[in-house]
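K.L.:
When you get a sec, could you give me coordinates for this:
(chains A and B)
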Amino acid sequence: MTRWMPRLDWMLLLIMLCLAVFGLVTLYAAVHQGGIVLWQRQVIYWLVGLSMFFIVCLIPIRLLALMTWPAYLGALLALLLVPVLGEVQMGARRWLDLGVINVQPSELMKWALMLLMAHWFASRHASSLRDLSLALLFAVLPAGLIVIQPDLGTTLLLLLSATVMVFAAGLPWRWAAYGAAASLISLPVLWLNMHTYQKQRVLSFLDPEADPLGAGYHVIQSSIAIGSGGVFGKGYLHGTQARLHFLPEQHTDFIFAVLAEEGGLIASGLLLLLYGLLISRIVSIASRAATRFGAMLCIGVAAIFSLYVCINIGMVSGVMPVVGVPLPFVSYGGSALITMLAALGMVMRVHIESRDKLPWQRPGSPFA
Amino acid sequence: MTVSTLEERGRFERRLLLLQWFAGLLLLLLFVRLADLQWLQHEGFLLQAERNRINVVPILPTRGEIVDRNGKGLALNAVSYNLTLIPERVENISAVLANLQKLMHWTDERTQSLRKRITRSRDDRPVLLADKLQWDDVAQVAARLHHLPGVDVQAGTHRYYPYGPDTSHLIGYVSLARGEDVQAGILSTEKVGRRGVERAYESLLHGSLGSQYEEVDAHGRRISAFRRVPPEKGQRLSLSLDVDVQKAASDALGDRTGAVAVLDVHTGEVLALLSKPGFEPNRFITGLETEQWQEWVNDPQHPLINRTIQAAYPPASTFKILVSLAALQAGSPLSHQSTQCDGFIELGERKLRCWKRRGHDQVDLHKAIVESCDVYFYELGDQLGMAAISEAAQTWGFGEATGIPIGPESAGLIPRVTTGKGARRWYQGETMITAIGQGEVTVTPLQLARFAAAIANGGTLLRPELLAGQPADIERQIEVKPEQLQAVRSAMRDVVASVHGTAHSSMGRLAWTSAGKTGTAQVVGEAQDDEKPENDKPLKKIHQDHAWFMGYAPYENPRIAFAVIVENGGHGGSAAGPVAAAVVRAMAKAEGVDSEQVMQPDAVVLTDGAEGD
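P.N.:
Model (predicted):
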């Protein structure tokens, strides 16, 4: 333990600690009225998550590389099982009951695909049409399964994070342009195949006032909460929108509005700054990674993480349609937090393994 | 290290940088959005948050009471109980309703309609199941409230009219605000005066809303209350009405259809204003308004019409007083002479009859009024002409609204005589018929009472006043010589006092000496020149004549003026007279004059024709 302690990236840990404080303080404001049971549970989740973080820190990257295919195939199998065995919750079949816990295979796939992409491009080139096509297939296969659940948010997240990784792996600009054009063209097709509630969310995003008590209610109320917070906020535990339950889902997806209402622009800006620091820290670890796999891994984590943040805050502040994406480290919920911390554990592991080494220089060798 | 490797590495670092910048840009954009919301648009959102949070709950004011001149309650606020139910707190609505039905003895239809009302209402707000309940009605439910979660019994007040139908037209009633009231800024839960005094003095009676500032959550539930502005109670109104007189008139009319108007001759204060049949204002129960309303609207007796001001009748012989005054003022020769009444007058080929077939022999103005000779007035009217009659009628307040504030009011009809091209030509016969108050001319009972008041007070035409203690509101002072008025007054006195007077038997023996004039208005098809059926068989009720009596009392020192009409009552003296007598008796009693003591000596004298007109 003490041997590798000094090799940890203390900056990353410090940012994590700040986020833990920020998240728990905000969550308390969101849940304190209903008793602090949820908050206490989240503290436990943090402890479990931090344990996971340190456990993952101990797993050599090589081992992770070996786990990628089994992880991906397992997640794919689970996704295939969802339509057969899945539980329906809130109109969508997303969950698998494993007896002890309910698992969302789409959540697993997000990370499994990220691992696979990192592994795939650790020894391959995004400028090879064959390799790129296969990578595309790896992404589209689970995406297709998830979109029919239906879960548009996770599908988008999956595809976007894969895109980021492909881009980082050196996708030629020309192809990137083709891809962008192709996805633009596919938008109408996507629209036609969307469920009514999904269309409604998009429509209400474009004009929330059109249906203020229905689909637009969430966004209107969260905008009011954020806007009424002002620059300095209404004071901790004094947010009226939160306290009087005008804010929907205020301890999960819409928790950012609680923070913005009570802490004002200062607190919400501070949180954005912390997120920015975290992202840039991960990217800097990626750039110093000793292996290309490690670097790609970090980029994948940073991508998923950034997407979470942008989609969530964008949605709560009314610049994105409402999709169910939690705010990392702040929203209530164990599995998202624990996987997020485990992912940071991988990043930390990459850092540990890259200490005193030159960044990767030789493509073609997965473990170089 | 190959070039391609270095290239590869370089491209990777560029991509990394690019992605990092892109992530930073996204975060910056989010920050810009937040700054827009929290800084630039802060004020607007703060307002919206406050509007979300704060609910200003109005506190309804208590309506002002209405009392009569002696302080007797005419419209009061009675304590009552409301039965309410909050749907979201009731687990099994059907079971609870069945339970309540048993306890409240509701009919199945009522329970069904309540069920419908509940399904239409908001889940989190109380639904009114029944109101105006007395404690005995709700005691059963109140005792079992803990078994009936979501059901509540609340104390409140409702408008109560102790005199019910007797004051229904005058006082009116209240009902929940409607669309137009709400547009005028009244809450839909407030009661607004309809008809009568309740409507005319709505602004005084209503009071003003108080308010309670409440903090509510997203479900509209009250979290806390923090500022209370108490409501202001409506003003208590003292009417000039003497409800005992009103009651006496109502009792005297019984279940007959008719109207009574009584005015103070000096101030124009309304002492009684009764229209029968009335309606029961206490019967307005929430949710049953329309049914009850339909019943009243379709009633052939038209209980909703205020006959004192909204019904215009032919004045019949009461109009002879006006014609007499007009003739005296105009100096018509006949007004100082006498004529021979043979029971009819010939007009070309037609015969206009007097009510008394045998005729009145020699008749002068005094006798013509006392015995209500028609022939005399045919001739007097003929001398005067339609224009003079019409002008005098308008001068004395006919053909125009009296200005009583509880309209809408009928103006009655006085034929206007116009000259020039296209003007209507009045035939001699029409003028003569008009002179005895038949033909086209119609008046309202209140106009007639006001006319009687003007005779009694020396020619001052007053605007009827409903509130007590108000100074006289003079419409106009009529130019009439005292001796002219006196001539008419003494004749009116003898209508009552003389054994030949048409109202002697009913009005002759009262504590207050009175003066008046009877009238019998023909209802259908029986023109003045028609042969009366020889056998005088009883006519169907609706074809019977309307009976009038108008006058004032006491004769020497007039205090009150009155007009009474009994629809299809028959002769004025016998049908309307006793009602007027009851009014005068009640007034005298109110003034402390006991009718028994001052009973006049001339016992029962049933005179020939005194019942006639």
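K.L.:
now the end-to-end length of stretch B:65-76.
P.N.:
In stretch B:65-76, first residue to last residue: 5 Å (CA to CA, to the nearest Å).
K.L.:
Pull out the buried residues from it.
P.N.:
Buried residues in stretch B:65-76, counted by 16 or more other CB atoms under 10 Å in any protein chain shown: B:Glu65, B:Ile66, B:Val67, B:Asp68, B:Arg69, B:Gly73, B:Leu74, B:Ala75. Backbone N, C-alpha and C define where each C-beta goes, glycine included.
K.L.:
same deal with stretch B:22-38?
P.N.:
Neighbour counts over stretch B:22-38 (16+ other CB under 10 Å) mark B:Ala23, B:Leu26, B:Leu27, B:Leu30, B:Phe31, B:Arg33, B:Leu34, B:Ala35, B:Leu37, B:Gln38 as buried.
K.L.:
With respect to chain A, which of the buried residues of stretch B:65-76 is nearest?
P.N.:
Nearest to chain A among these: B:Glu65, at 41.0 Å, using CB to the nearest CB.
K.L.:
and which of the buried residues of stretch B:22-38 is nearest A:Gly229?
P.N.:
Taking CB to CB as the measure, B:Gln38 is the one of those closest to A:Gly229, at 5.6 Å.
K.L.:
per-residue confidence at that closest one?
P.N.:
Model confidence at B:Gln38, given as pLDDT, is 94.
K.L.:
The one 10 residues further on too?
P.N.:
At B:Gln48, the predicted lDDT confidence score is 88.
K.L.:
Would you tell me what helix or strand the spatially closest residue to it that is not a sequence neighbour is located in?
P.N.:
Nearest non-adjacent residue to B:Gln48, counting by CB to CB, 6 or more residues apart in numbering or on different chains: A:Ile224, 4.8 Å away. If you go by DSSP states H and E, A:Ile224 is part of helix A:217-229.
K.L.:
Show the secondary-structure elements that that helix is packed against.
P.N.:
helix A:240-243, helix A:255-288, helix A:292-316, helix B:42-53 (3 or more CB pairs under 8 Å, 6 or more residues apart in numbering or on different chains; DSSP states H and E).
K.L.:
And the average pLDDT for the longest one is what?
P.N.:
The reference is to helix A:255-288. 95.
K.L.:
residues of it that come out buried?
P.N.:
Going by 16+ other CB under 10 Å, helix A:255-288 has these buried residues: A:255-265, A:267-269, A:271-272, A:274-288.
K.L.:
ok so, going back, any idea of the mean pLDDT for the helix holding A:Ile224?
P.N.:
90.
K.L.:
Please compute how far that helix lies from its chain's middle.
P.N.:
Computed by CA atoms, centre = their mean, to the nearest Å, the chain-centroid distance of helix A:217-229 equals 23 Å.
K.L.:
CA atoms only for it - export them in CSV, please.
P.N.:
Coordinates of each C-alpha in helix A:217-229 appear next as CSV, following Å, rounded to 0.1, in the frame of the first residue of the first chain:
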residue,chain,number,x,y,z
TYR,A,217,-43.1,21.2,-16.7
HIS,A,218,-39.7,19.8,-15.7
VAL,A,219,-37.7,22.2,-17.8
ILE,A,220,-39.8,25.3,-16.9
GLN,A,221,-39.5,24.6,-13.2
SER,A,222,-35.8,23.8,-13.3
SER,A,223,-35.2,27.0,-15.3
ILE,A,224,-37.2,29.0,-12.7
ALA,A,225,-35.1,27.4,-9.9
ILE,A,226,-31.8,28.1,-11.6
GLY,A,227,-32.8,31.6,-12.7
SER,A,228,-34.3,32.6,-9.4
GLY,A,229,-31.1,31.6,-7.7
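K.L.:
what angle do that helix and helix B:42-53 make?
P.N.:
Angle of helix A:217-229 versus helix B:42-53, following axes from the mean of the first three to the mean of the last three CA atoms, to 10 degrees, is 120 degrees.
K.L.:
What angle do helix A:292-316 and helix A:217-229 make with each other?
P.N.:
90 degrees.
K.L.:
How many neighbouring residues does the residue of chain A found nearest chain B have?
P.N.:
Closest contact between chain A and chain B, by CB to the nearest CB, is at A:Gly227 (2.6 Å). Using other CB atoms under 10 Å in any protein chain shown, A:Gly227 has 29 other residues around it.
K.L.:
With adjacent residues omitted, what lies nearest to it?
P.N.:
That would be B:Phe45: by CB to CB, 6+ apart, it lies 2.6 Å from A:Gly227.
K.L.:
Up against chain A, what does the stretch 51-200 of chain B have?
P.N.:
B:Asn52, B:Arg53 (CB under 8 Å from any CB of the partner chain).
K.L.:
Quick check, pLDDT for residue 212.
P.N.:
Picked chain A for this. At A:Pro212, pLDDT is 61.
K.L.:
Chain B was what I was after
P.N.:
B:Gln212 carries a pLDDT value of 78.
K.L.:
and what of B:Ile309?
P.N.:
pLDDT, read off for B:Ile309, is 91.
K.L.:
One more: the one 4 residues further on?
P.N.:
Reading off the per-residue confidence, B:Tyr313 sits at a pLDDT of 90.
K.L.:
quick revisit: in TSV: the buried residues of stretch B:65-76, plus secondary structure.
P.N.:
Formatted as TSV, the buried residues of stretch B:65-76 follow (DSSP: H, G, I helix; E, B strand; the rest coil):
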residue	secondary structure
B:Glu65	coil
B:Ile66	strand
B:Val67	strand
B:Asp68	coil
B:Arg69	coil
B:Gly73	strand
B:Leu74	strand
B:Ala75	strand
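K.L.:
Relative to B:Phe398, which of those is nearest.
P.N.:
Taking the buried residues of stretch B:65-76 together and measuring to B:Phe398 by CB to CB, the closest member is B:Arg69, at 27.8 Å.
K.L.:
how about the strands of the stretch 51-200 of chain A, start to end?
P.N.:
With DSSP state E, counting those that start in this stretch, the ranges of strands along the stretch 51-200 of chain A come out as A:87-89, A:92-97, A:102-103.
K.L.:
ok, back up a step: what residues does the residue nearest to A:Gly227 make contact with?
P.N.:
A:Ser223, A:Ile224, A:Ile226, A:Gly227, A:Ser228, B:Leu37 (CB atoms under 8 Å, 6 or more residues apart in numbering or on different chains).
K.L.:
at 10 Å what do you get?
P.N.:
A:Ser223, A:Ile224, A:Ala225, A:Ile226, A:Gly227, A:Ser228, A:Gly229, A:Gly230, A:Gln241, A:Glu261, B:Leu37, B:Gln38 (CB atoms under 10 Å, 6 or more residues apart in numbering or on different chains).
K.L.:
Including distance to B:His146, could those residues go into a markdown table?
P.N.:
Listed next are the contacts of B:Phe45 as a markdown table, based on distance: CB to CB, whole Å:
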| residue | distance to B:His146 |
| --- | --- |
| A:Ser223 | 44 |
| A:Ile224 | 40 |
| A:Ala225 | 39 |
| A:Ile226 | 45 |
| A:Gly227 | 45 |
| A:Ser228 | 41 |
| A:Gly229 | 44 |
| A:Gly230 | 47 |
| A:Gln241 | 36 |
| A:Glu261 | 40 |
| B:Leu37 | 49 |
| B:Gln38 | 49 |
